[in-house]
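Undergrad: please find the sequence and the predicted model below.
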Amino acid sequence: MIDARQLRYFTAVVEELHFAKAADRLDIAQSALSTQIQRLEQDMGVRLLNRNKRQPVTLTDAGRLFHAEAVAALRHIDRADQIGRLAARGLAGVVRIGSVASGVSTGVLSRMLREFRATHGDVRVEVVALETPRQFQALESGEIDVGILRPRHPCPPGIVATIVHTEHLMVAMAEDHLLATRKTVSVSDLKDQLFISPNFDDDEGFSAVLNALGAAGDFVPFLEYRVHDFIAAISLASAGYGVAVVPESMRNFTQPGMCYRPIVDFRFAVQLAMASRKRELSPAVRAFVTQSLALYPEGDRS
């Protein structure tokens, strides 16, 4: 079985075309170098070098072919060694990130990625769009490593989340909607509207937002369309199917026929959190989490 040491010895002899010079370069005895090259030839069953005490060492035809492959193999070995050492320091590997739409619209995700890439350029980052409940499942199963999501209380066992962004809400509606003629709307203006909202059959997230809106205006919001994310919500709203109460950052998603209006008497705030596993083995993932949290030192961890 050929090993990396034999390959390095062989390429040194080829580059020097002299056993004594190659031995000095390798800092080994010439006899030990000769023994290793002979063993390599015996293992392969072919002569690789022509040896003549009065002439320089030359390559046989087999030696020339083998040398090209040996050089390529050593490059791969060196690269594997480098990647292994980088991975141990969190400077290489893969980080899989799940994100809700607001992770993009707020700029939270892009800020994290930009800062991380500046110091961890060899780490491969994969981003997938996932709603909050699905992200918690994916974190537990190992499908993703980090989640940018709406916080849940409490977090599932083994998951920790830190608040990284807080924002207020707006109403998204078609530009020909009656309320679109106003610069602002109030809670009472929304009493008879048909609502479009992400909803996952739980008591948190935007189910809680609509409940709070109804409580503020003393009415029960009518949820006409239940969707999976805000992109779907604003698409339906822009077409006139109803109104959507959305985070103010969603204004960054332009949509033909769409307008946004602030709710002047509803200061309900929504939050984004970064979630990860408490016991994370990957140095690259730990580095991403640590560096990203440093961007939000006031974050509330739960």
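TA: That came in fine, so what should we check first? Residues are numbered from 1 along each chain as shown.
Undergrad: only C-alpha atoms from now on, for both contacts and neighbour counts.
TA: Will do.
Undergrad: this protein: helices as residue ranges?
TA: Using DSSP state H, the helices assigned to the chain run over residues 4-16, 19-26, 30-44, 61-88, 101-105, 108-119, 132-141, 206-217, 230-238, 283-294.
Undergrad: can you say which of those is packed in most?
TA: helix 230-238 (a mean of 22; mean count of other C-alpha atoms under 10 Å).
Undergrad: re the thing from before, and the helices of the chain as a markdown table, adding distance to Val171?
TA: Listed next are those as a markdown table, based on distance: least, C-alpha to C-alpha, whole Å:
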| stretch | distance to Val171 |
| --- | --- |
| helix 4-16 | 65 |
| helix 19-26 | 73 |
| helix 30-44 | 75 |
| helix 61-88 | 46 |
| helix 101-105 | 15 |
| helix 108-119 | 22 |
| helix 132-141 | 21 |
| helix 206-217 | 11 |
| helix 230-238 | 10 |
| helix 283-294 | 30 |
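Undergrad: which one of those helices lies closest to Gly257?
TA: helix 230-238 (5.5 Å; C-alpha to C-alpha).
Undergrad: could I get that closest one in CSV with only the CA atoms?
TA: The C-alpha coordinates for helix 230-238 follow below in CSV (Å, rounded to 0.1, in the frame of the first residue of the first chain):
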residue,chain,number,x,y,z
PHE,A,230,-46.1,36.6,4.2
ILE,A,231,-45.2,36.3,0.6
ALA,A,232,-48.4,34.4,-0.1
ALA,A,233,-50.3,36.9,2.2
ILE,A,234,-49.2,40.0,0.4
SER,A,235,-49.8,38.4,-3.0
LEU,A,236,-53.4,37.7,-2.1
ALA,A,237,-53.8,41.1,-0.5
SER,A,238,-52.4,42.9,-3.6
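Undergrad: what's that helix packed up against?
TA: In this structure, helix 230-238 packs against strand 169-174, strand 194-198, strand 244-247, strand 258-262, with contacts taken as 3 or more C-alpha pairs under 8 Å, 6 or more residues apart in numbering; DSSP states H and E.
Undergrad: turn those strands into a markdown table, including mean pLDDT.
TA: Formatted as a markdown table, those follow (pLDDT from 0 to 100):
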| stretch | mean pLDDT |
| --- | --- |
| strand 169-174 | 94 |
| strand 194-198 | 90 |
| strand 244-247 | 92 |
| strand 258-262 | 93 |
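Undergrad: out of those, nearest to Glu143?
TA: When these are compared by C-alpha to C-alpha, strand 194-198 sits nearest Glu143, at 22.8 Å.
Undergrad: re earlier: so which of the helices and strands packed on helix 230-238 is nearest Gly142?
TA: For the helices and strands packed on helix 230-238, proximity to Gly142 was assessed by C-alpha to C-alpha; strand 194-198 is nearest, at 24.8 Å.
Undergrad: measure how the closest one sits relative to strand 169-174, angle-wise.
TA: Per axes from the mean of the first three to the mean of the last three C-alpha atoms, to 10 degrees, the angle that strand 194-198 makes with strand 169-174 is 120 degrees.
Undergrad: touching strand 194-198 from outside, list them.
TA: The contact list for strand 194-198 (C-alpha atoms under 8 Å, 6 or more residues apart in numbering) reads 206-207, 221-230, 233, 236-237, 241-245.
Undergrad: ChimeraX command to pick out the buried ones of the residues you listed?
TA: The buried residues among the contacts of strand 194-198 can be selected in ChimeraX (16 or more other C-alpha atoms under 10 Å) with this line:
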select :206,207,221,223,225,229,230,233,236,237,241,242,243,244,245
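Undergrad: picking that back up, between the helices of the chain, which one is closest to Phe268.
TA: helix 206-217 (7.5 Å).
Undergrad: ok, and the closest non-adjacent residue to Leu59?
TA: Counting by C-alpha to C-alpha, 6 or more residues apart in numbering, Leu49 is the residue found nearest to Leu59 once chain neighbours are left out, at 4.7 Å.
Undergrad: was I right to think the one you found contacts Val57?
TA: Yes. In this structure, Leu49 is within contact of Val57 by C-alpha atoms under 8 Å, at 6.7 Å.
Undergrad: for these two, indicate the residue with more neighbours.
TA: The neighbour count for Leu49 versus Val57, taken as other C-alpha atoms under 10 Å, is higher for Leu49 (21 against 17).
Undergrad: for the residue nearest to Leu59, give me its contacts.
TA: 57-60, 63.
Undergrad: in strands only, show me these.
TA: The strands, defined by DSSP state E, take in 57-59 from these.
Undergrad: can I get the residues you listed in TSV with pLDDT and distance to Leu7?
TA: Converted to TSV, the ones in strands among the contacts of Leu49 look like this (pLDDT from 0 to 100; distance: C-alpha to C-alpha, whole Å):
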residue	pLDDT	distance to Leu7
Val57	86	17
Thr58	85	17
Leu59	87	15
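Undergrad: that's all I had, so thanks and see you.
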